[in-house]
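Asks: Dropping the sequence and predicted coords here.
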Amino acid sequence: MNHLGFELEKIKIASFDFTCCEGCQLQLANRESNLPDFLALLDIRNFREISSERLDDYDIALVEGSITRSDEIKRLKSIREKAKVLVAFGACACFGGVNVLKNKFPQEETIRTVYKDKLVETMPAAKISDFVTVDYSIPGCPVSKKEVEEVVVGLVTRSLVTLPKYPVCVECKQRLNTCLFDLGEVCLGPISRAGCDAVCPSGKTPCLGCRGPADGINYASFTELVRDKGLSLEEMREKLAFYNGFEDYLSHEG
Amino acid sequence: MIYKVISKPEFRAFVDALVRANTSYGPRQVDTDRHGDPIYQFMPVSSADDIAFDYTVTTSSAKHLLMPFRGELSRFNFSDSDWKQQVNYETQPIVLIGLRPCDISAINILDEVMLKGPYPSPYYLARRKNTFIIGMDHLPLPDCFCKSMNRHTVNHGFSLFCSDIGDRYYLSINSAKAFSCLKEFQLDDPTDEDNCRLIERRKLIKHSFETNIEVSGLPVFLDIEFDSPIWQKWGEKCLSCGSCAMVCPTCYCYSVEEQFDLDLKGSTRESHLYSCNLVDFAQVAGGHNFRPRSGDRLKYRYYHHYRGFAANDNQQICVGCNRCGRTCLANINPKDVINDLRLERESCLTCVSTSPDKA
Ligand code: SF4
Ligand code: SF4
Ligand code: SF4
Ligand code: SF4
Ligand code: SF4
């Protein structure tokens, strides 16, 4: 591909799923209107949802899902060895995601509930950065296809790829939404990373922070806000734990 | 300026005809809050019935209709080794209905900033030229402080301004276009009684303010208080969420973002309204952040609003609508911050003057 006198190469990409719903990978096949243009930037080496190729040489590995079994750790580490760039793809890979909710219960109970008497091996759900180095994170539940497109274009054109550092409220205010705190709800918008165009508050559903914390958030002031509005701190903590993106703040609370 | 009076039903018929023929925005109720109070925003309207003529205040200002939250600045088309830039300033005419004096003053301030400097914005100019503004007076809300900023009256910047004198509106007509639009409706010349009622109305408004902030001498005062611990105190509350700047009628900062088309054959450059409270507002290439602390960023916002920047003649750009204060989830509002600052200064002066040790 020649672009403004520069020779650009397609990116050799592979995508792998671990414990998850595969919704983020499915997002990649979304937006059919520009799917051909999107695929034209990619040299797909291994990608179950889009192609039957199973090749082992790739530069970029998208890793989706959280880690819940010891064999997954092994597989993840071997992907890391082969990939030049490893991308944590979606809330499960970035933070552990909804799967982490199971860590609140005794393991035997979770197995029995789902698999009855069948013997399965499982461990507490964890984010992938607990086991390997992550180069980029694309958070979200699911990821936003538009953001993925921007990252892919950035990688192909070798331009700077960044996520918004500010919180969801900026985008929410730009959409002229009524603040959900004014409607008596706890919304994680003031501390969650923007980039989703505030889809949840725009549909009158509080943000649950699927994109994790924004940069430099003020957790103390946020807690104060919930208390000041007479809303439930318990509900706030439940929401913070939903995708596990705020693990660090919750565990330091004491 | 031409002065006329119009009956309220006739005014409604005029507005109805105007909004049916033009792309128009006016106050509409969009929600009811948890206390049962209505929430309004400037939204598209297509008939007089859509407009909440008796609205209190909109959560967000009308700024984004002149400076969109996200606006295209240019398009680029690439060929093998060359590129072409296309810039489009064209906009369609719009009608804004129901702006308060503070809102119109805010637009006059934006005019100064966007048009009077060394690099006038052609994007803003195109929109501004194509905007027909109908202002309407109102009794202040308990937390409005535009009188303190001397922005509770306005004498330019609108096409038409309506003062409520009971069963009629007293019209100040400030554009030929407004005058010709009104020609088809029943207008009367103001009688002595109408003039009296207008004066009474203005007096009533002037005396209805419950919130007053002492802003005289504030610019000098702010300079003296540059290192006040007050800023870190309020900064510790700030969520750095930028909501204040989004709803503010005079915050005009934007970032510039560029995005390739997915087929790499073109790209778009956009402006995105930004806020100096956001964590990376003062971050530069290489990663250095000139204002990493939220207190420093909050101070910066207050300095711009109440001291002014040299670039716009050290003019205070706050009009006193208190939208920022109502929106802030951390309870940060101009009245409390400025009073706190003054209090700090006063107690400090008392301390200096009464302490024999320091004499
Ligand atoms: S609804 Fe949520 S995201 Fe929107 S302004 Fe309120 S707190 Fe912020
Ligand atoms: S609003 Fe919150 S929960 Fe919803 S998509 Fe955005 S970050 Fe995720
Ligand atoms: S207060 Fe901040 S965001 Fe608002 S115009 Fe000034 S510098 Fe920009
Ligand atoms: S700073 Fe606050 S009170 Fe002043 S004009 Fe902006 S929103 Fe209104
Ligand atoms: S002052 Fe309030 S609205 Fe403004 S950035 Fe801080 S917390 Fe957000």
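Replies: Thanks, I have it. Ligands and ions are numbered 1, 2, ... in the order given.
Asks: so where's the stretch 201-350 of chain B uncertain?
Replies: B:310-312, B:347-350 (pLDDT under 70).
Asks: Show me the strands in it, by range?
Replies: B:254-260, B:266-273 (DSSP state E, counting those that start in this stretch).
Asks: and the last one, does that touch chain A?
Replies: When you say that, I think you mean strand B:266-273. Yes: applying C-beta under 8 Å from any C-beta of the partner chain, one finds strand B:266-273 touching chain A at B:Leu273. For every residue, glycine as well, the C-beta is placed using N, CA and C.
Asks: wait, does that strand contact ligand 4?
Replies: No: for a cut-off given as C-beta under 6 Å from any ligand atom, strand B:266-273 has no contacts with ligand 4; the smallest distance is 13.1 Å.
Asks: That strand to strand B:254-260, inter-axis angle?
Replies: 160 degrees (axes from the mean of the first three to the mean of the last three C-alpha atoms, to 10 degrees).
Asks: other SSEs contacting strand B:266-273?
Replies: strand B:70-78, strand B:254-260 (3 or more C-beta pairs under 8 Å, 6 or more residues apart in numbering or on different chains; DSSP states H and E).
Asks: again with the shortest one
Replies: The contact analysis (3+ C-beta pairs under 8 Å, 6+ apart) places strand B:254-260 against helix A:145-157, strand B:266-273.
Asks: want to throw the ones you listed into TSV with distance to ligand 2 and mean neighbour count?
Replies: Below are the helices and strands packed on strand B:254-260 laid out as TSV (distance: least, C-beta to the nearest ligand atom, whole Å; neighbours: other C-beta atoms under 10 Å in any protein chain shown):
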stretch	distance to ligand 2	mean neighbour count
helix A:145-157	11	19
strand B:266-273	17	17
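Asks: Any chance of CSV for these, columns distance to ligand 3?
Replies: Conversion of these to CSV gives the following (distance: least, C-beta to the nearest ligand atom, whole Å):
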stretch, distance to ligand 3
helix A:145-157, 25
strand B:266-273, 8
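Asks: so which of the helices and strands packed on strand B:266-273 gets nearest ligand 4?
Replies: strand B:254-260 (15.9 Å; C-beta to the nearest ligand atom).
Asks: Direction included, what does that closest one pair against?
Replies: If you go by DSSP bridges, strand B:254-260 pairs up with strand B:266-273 (antiparallel).
Asks: is the partner strand up against ligand 5 anywhere?
Replies: No: using C-beta under 6 Å from any ligand atom, strand B:266-273 stays clear of ligand 5, coming no nearer than 13.5 Å.
Asks: if I look at A:Val156, how far off is A:Leu42?
Replies: 9 Å (C-beta to C-beta, to the nearest Å).
Asks: which residues are in contact with both of these two?
Replies: Shared contacts of A:Val156 and A:Leu42 (C-beta atoms under 8 Å, 6 or more residues apart in numbering or on different chains): A:Lys10, A:Ile11.
Asks: Got phi/psi on B:Pro27?
Replies: phi -70, psi 130 (degrees, to the nearest 10).
Asks: which residues touch A:Cys179?
Replies: A:Cys172, A:Cys187, A:Pro201, B:Ser243, B:Thr327, B:Leu329.
Asks: correction: A:Asn2
Replies: Contact partners of A:Asn2, counting by C-beta under 8 Å, 6+ apart, are A:Leu8, B:Asp80.
Asks: Give me the pLDDT for it.
Replies: At A:Asn2, the model reports a pLDDT of 76.
Asks: Next: the one 3 residues further on.
Replies: Note on A:Gly5: pLDDT of 75.
Asks: Would you agree it is in contact with B:Phe78?
Replies: No: if you go by C-beta atoms under 8 Å, A:Gly5 and B:Phe78 don't touch, sitting 10.0 Å apart.
Asks: Of those two, which one has the most company?
Replies: B:Phe78 (17 against 8; other C-beta atoms under 10 Å in any protein chain shown).
Asks: how about the residues of chain A near ligand 2?
Replies: Counting by C-beta under 6 Å from any ligand atom, chain A sits next to ligand 2 at A:Val168, A:Ser192, A:Cys196, A:Ala198, A:Val199, A:Cys200, A:Pro201, A:Cys207, A:Leu208, A:Gly209, A:Cys210, A:Arg211.
Asks: Filter those residues down to the ones in helices?
Replies: Secondary structure defined by DSSP state H assigns A:Val199, A:Cys200, A:Pro201 of these to helices.
Asks: okay if I get the residues you listed as a markdown table plus distance to ligand 5, neighbour count and pLDDT?
Replies: Formatted as a markdown table, these follow (distance: C-beta to the nearest ligand atom, whole Å; neighbours: other C-beta atoms under 10 Å in any protein chain shown; pLDDT from 0 to 100):
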| residue | distance to ligand 5 | neighbour count | pLDDT |
| --- | --- | --- | --- |
| A:Val199 | 21 | 16 | 97 |
| A:Cys200 | 19 | 22 | 98 |
| A:Pro201 | 15 | 24 | 98 |
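Asks: Among those, which one lies nearest to ligand 1?
Replies: A:Pro201 (3.8 Å).
Asks: Please give me every residue in contact with that closest one.
Replies: A:Pro201 neighbours (C-beta under 8 Å, 6+ apart): A:Val168, A:Cys172, A:Arg175, A:Asn177, A:Cys179, A:Leu180, A:Cys187, A:Gly189, A:Cys207.
Asks: how close does the third one sit to ligand 2?
Replies: By that I understand A:Arg175. The spacing between A:Arg175 and ligand 2, counted by C-beta to the nearest ligand atom, to the nearest Å, is 11 Å.
Asks: Let me know which of the helices and strands packed on strand B:254-260 is the nearest to B:Thr59.
Replies: strand B:266-273 (15.6 Å; C-beta to C-beta).
Asks: Which of the three states applies to B:Ala13?
Replies: When classified by DSSP: H, G, I helix; E, B strand; the rest coil, B:Ala13 comes out as helix.
Asks: Is it in contact with B:Phe185, as I believe?
Replies: Yes: at 6.6 Å, B:Ala13 and B:Phe185 qualify as touching, with contact defined as C-beta under 8 Å.
Asks: Strands of the stretch 1-150 of chain A, start to end?
Replies: A:2-3, A:6-7, A:11-17, A:42-47, A:60-64, A:85-89, A:136-138.
Asks: Across the sheet, point out what pairs with B:Ser74.
Replies: Going by DSSP bridges, B:Ser74 forms beta bridges with B:Arg269.
Asks: Let me see the contact set for it.
Replies: Each residue near B:Ser74 by C-beta under 8 Å, 6+ apart is listed here: B:Gln85, B:Gln86, B:Val87, B:Asn88, B:Thr268, B:Arg269.
Asks: pLDDT wise, what is it at?
Replies: B:Ser74 is given a pLDDT of 97.
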